[in-house]
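Undergrad: Predicted structure and sequence below. I'll ask about it afterward.
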Amino acid sequence: MPGHDDCPVCGLPRSLNRKLVWTTDGGIYFQSKRSERLIFLDEEDIRALLEEGVKLRGEQLLDTLRERRRAFTREEVTSQVRGLRRLLLRHWPLAKRVVRSSFQEAAFFGCGNIEISKMKPGKELVVKARHPYHPHLMAGDIWGFWEGLFGVEALLSLTAASEHEWDITVRKVGRRRRSPGSRQPEGYKRTPRRPKRDYGLEVCEKCRLPEFPWELRWDTELGTIYETGTHRHMVITSAPGWQQVIDEVKGSKEGALPTAIGEALAAKAAAEYHQLKGDNYKTAYRHFYMSLPFLGWGKPRQVSRKPFLIEAELEGVPFPQLLAWKMAGVFEALEREPADIKHLKVDDTAWKFLIGPRIEGTFLEIGRMVPEEGRFILPY
């Protein structure tokens, strides 16, 4: 539901400018903490990835992912509140305000509406989660948040109340032993420098927020971020935390994403971009590639199109395998050809992607692809 915080021109909540910053590496960060990258994720992409992961690895994958999210969130919260625990446990009204404020912040970032049914700080928490971005991942988040906030060991109960509502209970079973400092997942490196604000993005003349490629709206009562006129919902989440989910779905930190998962993501992208095709390929391709920095998925350096071939070089790509499959889906929607994809790291910050029709034999090497004059999509 729109509120007084919304910009009268673009409709985005103006408080986004106080919370987030879009940077020159194509990323999104907290204004107050530019050490951990954030990204927009489509809830349908999350659902598709986990559904295919369950088919490959069984229902126990969801249990493992809850544990993963629990551990990640617990370490993140522990690093922020370690010195405040005694104060929170002594002053229950303060502890309750902290918990409620945290759940309101989660709703702002599209995680869903979390209504507290019962709370005894440090002992027990019962909530009803409505429209969670994913019930099992959110349950792990709440579990880890409670343990990290109060330094306890707890048990989790997760029950579906309806299609869009889940009952979550976290109950203390003991004190948690002091653990070493938080660890980031292997394979994901924190940004070694403080990324700078990107002043090159198109922004709203009124509130100076980036002009998103879609008409996005925030409903803080439901805890959702959605595209106007569609059922598309987004969530803003931690890139390192999402890396852990991907690693668990793959079954290892190395290696390629299973083909079935990649094809599901490509089909999702194809369904979305098929309607944008029209008679102007350039506009549709530009819509996809120019949306990436707004969503925290990297920044295009150059994109070119030859007949049935797309070559793209992007910097700051957090998940190159996922992005390659999404590119393949866009290609299939616009070219009406099954896609073959290659991606190659060209320097410390950039990746090159080549997308073309699936053919027999060896696919054309990236190094041989030189765009013809006049075939550039970006820059323009």
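TA: Good, I have the coordinates. Residues are numbered from 1 along each chain as shown.
Undergrad: how distant is the helix of greatest length in the chain from the center of its chain?
TA: What stands out as the longest helix in the chain, according to DSSP state H, is helix 60-81. Chain-centre distance of helix 60-81: 16 Å, with C-alpha atoms, centre = their mean, to the nearest Å.
Undergrad: My read is that residue 326 contacts residue 266, right?
TA: Yes. Between residue 326 and residue 266 there is a contact under C-beta atoms under 8 Å: 6.8 Å. Glycine gets a C-beta too; all of them are placed from N, C-alpha and C.
Undergrad: Where does the prediction get shaky in this protein?
TA: The model of the chain has pLDDT under 70 over residues 1-4, 176-193, 276-280, 359-380.
Undergrad: Next, the residue sitting nearest the centre point of it: secondary structure please.
TA: Closest to where the C-alpha atoms of the chain average out (C-alpha atoms, centre = their mean) is residue 41, at 3.5 Å. When classified by DSSP: H, G, I helix; E, B strand; the rest coil, residue 41 comes out as strand.
Undergrad: Against residue 223, how distant is the residue nearest to it when sequence neighbours are not counted?
TA: Closest residue in space to residue 41, ignoring its immediate chain neighbours: residue 235 at 5.3 Å, by C-beta to C-beta, 6 or more residues apart in numbering. Counting by C-beta to C-beta, to the nearest Å, the gap from residue 235 to residue 223 is 9 Å.
Undergrad: Residue 352 too?
TA: Distance from residue 352 to residue 223, by C-beta to C-beta: 38 Å.
Undergrad: So between those two, which is more surrounded?
TA: Neighbour count, other C-beta atoms under 10 Å: between residue 352 and residue 223, residue 223 has more, with 27 against 20.
Undergrad: list the contacts for the nearest residue to residue 152 once chain neighbours are set aside?
TA: For residue 152, ignoring the flanking residues on the chain, the nearest one in space by C-beta to C-beta, 6+ apart is residue 172 at 4.6 Å. Listed by C-beta atoms under 8 Å, 6 or more residues apart in numbering, the contact set of residue 172 reads 122, 123, 124, 150, 152, 153, 154.
Undergrad: on that earlier part again, helix, strand or coil for the residue nearest to residue 41?
TA: From three-state DSSP, the assignment for residue 235 is strand.
Undergrad: returning to that earlier point: what do residue 235 and residue 223 both touch?
TA: 110, 111.
Undergrad: Got phi/psi on residue 172?
TA: Geometry field for residue 172 lists phi and psi as phi -60, psi 140, criterion degrees, to the nearest 10.
Undergrad: The stretch 1-150 of the chain: strands as residue ranges?
TA: Here the stretch 1-150 of the chain has its strands, by DSSP state E, counting those that start in this stretch, at 20-22, 28-30, 33-42, 113-120, 124-130.
Undergrad: Serialize these to a markdown table and add fields for distance to residue 201.
TA: Putting the strands of the stretch 1-150 of the chain into a markdown table (distance: least, C-beta to C-beta, whole Å) gives the following:
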| stretch | distance to residue 201 |
| --- | --- |
| strand 20-22 | 6 |
| strand 28-30 | 11 |
| strand 33-42 | 14 |
| strand 113-120 | 30 |
| strand 124-130 | 33 |
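Undergrad: Out of the ones you listed, which gets nearest to residue 336?
TA: Closest approach to residue 336 among those is made by strand 33-42 (23.0 Å; C-beta to C-beta).
Undergrad: what angle do the closest one and helix 60-81 make?
TA: Relative orientation of strand 33-42 and helix 60-81, computed by axes from the mean of the first three to the mean of the last three C-alpha atoms, to 10 degrees: 150 degrees.
Undergrad: now for the strands of the stretch 1-150 of the chain, which one comes closest to residue 261?
TA: Taking C-beta to C-beta, strand 33-42 is the member of those nearest to residue 261, at 14.5 Å.
Undergrad: which residues touch that closest one?
TA: 20-21, 23, 27-30, 133, 190-191, 194-195, 225, 232-240, 242, 268, 294-297, 318.
Undergrad: Hmm, residue 154 and residue 147 touching each other?
TA: Yes. With contacts counted by C-beta under 8 Å, residue 147 reaches residue 154, the gap being 5.4 Å.
Undergrad: Which neighbours do those two have in common?
TA: residue 170.
Undergrad: if we can go back for a sec, out of the strands of the stretch 1-150 of the chain, which gets nearest to residue 273?
TA: Of all these, strand 33-42 sits nearest to residue 273, with 12.7 Å by C-beta to C-beta.
Undergrad: how distant is that closest one from the center of its chain?
TA: Chain-centre distance of strand 33-42: 7 Å, with C-alpha atoms, centre = their mean.
Undergrad: Going by neighbour count, which residues of that strand are buried?
TA: 34, 36, 37, 38, 39, 40, 41, 42 (16 or more other C-beta atoms under 10 Å).
Undergrad: Got the domain ranges for this structure?
TA: 1-252, 256-378 (automatic domain parsing).
Undergrad: circling back to that earlier point, show me what contacts the residue nearest to residue 41?
TA: By C-beta under 8 Å, 6+ apart, the contact set of residue 235 is 40, 41, 43, 46, 109, 110, 111, 133, 225.
Undergrad: Provide a list of residues in contact with residue 146.
TA: Residues near residue 146 by C-beta under 8 Å, 6+ apart: 125, 152, 154, 170.
Undergrad: Relative to residue 310, which of those residues is nearest.
TA: Taking C-beta to C-beta as the measure, residue 310 lies nearest residue 170 of those, at 46.8 Å.
Undergrad: can I assume the closest one is in contact with residue 158?
TA: No. Counting by C-beta under 8 Å, residue 158 is not a contact partner of residue 170; they are 9.9 Å apart.
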